[in-house]
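*Asks:* The following block contains a protein sequence and its predicted model.
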Amino acid sequence: AQSVTQLDSQVPVFEEAPVELRCNYSSSVSVYLFWYVQYPNQGLQLLLKYLSGSTLVKGINGFEAEFNKSQTSFHLRKPSVHISDTAEYFCAVRPIGAQKLVFGQGTRLTINP
Amino acid sequence: DTGVSQDPRHKITKRGQNVTFRCDPISEHNRLYWYRQTLGQGPEFLTYFQNEAQLEKSRLLSDRFSAERPKGSFSTLEIQRTEQGDSAMYLCASSTTDRGNEKLFFGSGTQLSVL
């Protein structure tokens, strides 16, 4: 079985400050890793994914994440946030060969002016 | 690409009633998924289809829940004899089977409230 833990339920930051949203996972098999974003009243959108290769993955809207196999982590970062980044962010894993995504409980990112 | 459509956006029902939700995936997508999301939690997998075949069901999907995807196009999720614990956002997503294109497109969901 797989589980995903997002260590912070809420993260408030000031505009133009850097941010890191933490994600740790547990799995007995190899997994693909994902970050999804949910803006208010919208569906989940894929921010970025790690399937293989370079452990530093770049996504949309200036976000990036680094896969650390030894620490089973996939933290999301952005060097300078904007008001428009206010949303809920979900980390997810999918066992290779399976179709089911297992999500964390989400981190609400709030950007203050 | 018109995106994944779900109908209705909101449904309020009384305990014990049956409800049915519809999902229209992106037209060329052959995989379709249902997830459930409760307040403060991430989405939980319920079931998925490849074309018209239902290939996996979560143990969360009790015998009161049934999903269909006739002809491999739209899908319906029916909940019989609803309970207050069924109140949640029901999300539909679709994808293709192109290797390397591991991306789900989600709809905006159907919010179910059971009174």
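*Replies:* Thanks, I have the structure now. Just so you know, these numbers come straight off a predicted model, no measurement behind them.
*Asks:* Count residues in the vicinity of residue 56, would you?
*Replies:* All of this refers to chain A. 11 (other Cβ atoms under 10 Å in any protein chain shown). C-beta: built from backbone N, CA, C; applies to glycine.
*Asks:* You answered for a different chain; I wanted chain B.
*Replies:* By other Cβ under 10 Å, neighbour count at residue B:56 equals 15.
*Asks:* and it, what are its phi and psi?
*Replies:* The phi/psi pair for residue B:56 (degrees, to the nearest 10) reads phi -150, psi 140.
*Asks:* Next, count neighbours for the closest residue in space to it that isn't next to it in sequence.
*Replies:* Using Cβ to Cβ, 6 or more residues apart in numbering or on different chains and skipping residues adjacent in sequence, the residue nearest residue B:56 is residue B:48, 5.4 Å away. A count of nearby residues for residue B:48, using other Cβ under 10 Å, gives 26.
*Asks:* Which helix or strand contains residue B:48?
*Replies:* Here residue B:48 sits within strand B:44-50, counting by DSSP states H and E.
*Asks:* hey, what's the residue nearest to residue B:56 bridged with?
*Replies:* Beta-bridge pairing of residue B:48 under DSSP bridges involves residue B:33, residue B:56.
*Asks:* Would you mind measuring from it to residue B:97?
*Replies:* 12 Å (Cβ to Cβ, to the nearest Å).
*Asks:* before we move on, what about residue A:56?
*Replies:* 28 Å.
*Asks:* what's the answer for residue B:76, then?
*Replies:* Counting by Cβ to Cβ - residue B:76 and residue B:97 are separated by 22 Å.
*Asks:* Please list the residues of chain A that sit near chain B.
*Replies:* Chain A has residues A:4, A:9, A:32, A:36, A:41-46, A:49, A:51, A:90, A:92, A:94, A:99-106 near chain B, with proximity defined as Cβ under 8 Å from any Cβ of the partner chain.
*Asks:* how about a cut-off of 6 Å?
*Replies:* A:43-44, A:46, A:90, A:99-100, A:103-106 (Cβ under 6 Å from any Cβ of the partner chain).
*Asks:* so can I have TSV of those showing secondary structure, distance to residue B:87 and neighbour count?
*Replies:* What follows is those, written out as TSV (DSSP: H, G, I helix; E, B strand; the rest coil; distance: Cβ to Cβ, whole Å; neighbours: other Cβ atoms under 10 Å in any protein chain shown):
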residue	secondary structure	distance to residue B:87	neighbour count
A:43	coil	19	19
A:44	coil	20	28
A:46	strand	27	17
A:90	strand	20	26
A:99	coil	26	18
A:100	coil	23	18
A:103	strand	19	21
A:104	coil	22	25
A:105	coil	18	14
A:106	coil	18	23
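*Asks:* Just put the residues you listed in JSON lines and tack on pLDDT.
*Replies:* Putting the residues of chain A next to chain B into JSON lines (pLDDT from 0 to 100) gives the following:
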{"residue": "A:43", "pLDDT": "88"}
{"residue": "A:44", "pLDDT": "93"}
{"residue": "A:46", "pLDDT": "93"}
{"residue": "A:90", "pLDDT": "97"}
{"residue": "A:99", "pLDDT": "87"}
{"residue": "A:100", "pLDDT": "90"}
{"residue": "A:103", "pLDDT": "97"}
{"residue": "A:104", "pLDDT": "97"}
{"residue": "A:105", "pLDDT": "96"}
{"residue": "A:106", "pLDDT": "97"}
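*Asks:* in the chain, which spans are strands?
*Replies:* No chain in the question, so chain A it is. Remark: strands assigned in chain A by DSSP state E are A:2-6, A:10-14, A:19-21, A:23-27, A:31-38, A:45-50, A:56-58, A:64-68, A:73-78, A:87-95, A:102-103, A:107-112.
*Asks:* Wait, chain B was what I had in mind.
*Replies:* B:5-7, B:10-13, B:19-24, B:31-37, B:44-50, B:53-57, B:65-68, B:75-79, B:88-95, B:105-106, B:110-114.
*Asks:* Sounds good, over and out.
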